[in-house]
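**Student:** Show me how the following folds:
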Amino acid sequence: MSLQEVEEMVKATFDTVVDTVAKGDTVTLFGFGKFERRDRRARQGRNPKTQELISIPATVTPGFTPGKAFKDTVKAKQH
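**Tutor:** Reported below is the predicted structural model:
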């Protein structure tokens with residue numbers, strides 16, 4: 001398999017993950033983690049310069065939760 005073919009496959013995989021999460025579905029890659037859409041509710045915040053209260057609107061953001069095998073590997077490689 002050529003490098004270009006591998007790049008196309010990886011890009012297609014990432015595009016599928018992004019499109020699926022954007023629709024509101026969850027993508028789980030066993031041993032790696034879970035990608036999901038997270039809805040953040042509207043809330044009050046504070047301007048750090050003026051201390052004035054501001055309204056922060058609701059938004060949607062992508063989220064990732066690492067799987068156990070991923071976390072265990074990272075933990076084992078600590079220095």
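**Student:** Count residues in the vicinity of T20, would you?
**Tutor:** 15 (other CB atoms under 10 Å). C-beta here means a position set from N, CA and C on the backbone, and glycine is covered the same way.
**Student:** Mind listing what's buried along the helix or strand containing it?
**Tutor:** Element membership of T20, judged by DSSP states H and E, is helix 3-22. Across helix 3-22, burial judged by 16 or more other CB atoms under 10 Å covers V21.
**Student:** Output the contacting helices and strands for that helix.
**Tutor:** If you count contacts as 3 or more CB pairs under 8 Å, 6 or more residues apart in numbering; DSSP states H and E, helix 3-22 packs onto strand 27-29, strand 33-40.
**Student:** who does the shortest one pair up with?
**Tutor:** According to DSSP bridges, strand 27-29 has the following sheet partners: strand 33-40 (antiparallel).
**Student:** which stretches of this structure have low pLDDT?
**Tutor:** For the chain, applying pLDDT under 70 flags the ranges 79.
**Student:** CA atoms of the helix holding T20 as CSV?
**Tutor:** The C-alpha atoms that make up helix 3-22 are tabulated as CSV, following Å, rounded to 0.1, in the frame of the first residue of the first chain:
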residue,chain,number,x,y,z
LEU,A,3,1.7,6.4,1.3
GLN,A,4,-0.9,8.2,-0.7
GLU,A,5,-3.3,5.4,-0.3
VAL,A,6,-2.8,5.3,3.4
GLU,A,7,-3.3,9.1,3.6
GLU,A,8,-6.5,8.8,1.7
MET,A,9,-7.8,6.1,4.0
VAL,A,10,-6.9,8.0,7.2
LYS,A,11,-8.5,11.2,5.8
ALA,A,12,-11.7,9.2,4.9
THR,A,13,-11.8,7.8,8.4
PHE,A,14,-11.4,11.2,10.0
ASP,A,15,-14.0,12.7,7.7
THR,A,16,-16.4,9.9,8.7
VAL,A,17,-15.8,10.5,12.4
VAL,A,18,-16.3,14.2,12.0
ASP,A,19,-19.5,13.8,10.0
THR,A,20,-20.9,11.2,12.4
VAL,A,21,-20.2,13.3,15.5
ALA,A,22,-21.6,16.5,13.8
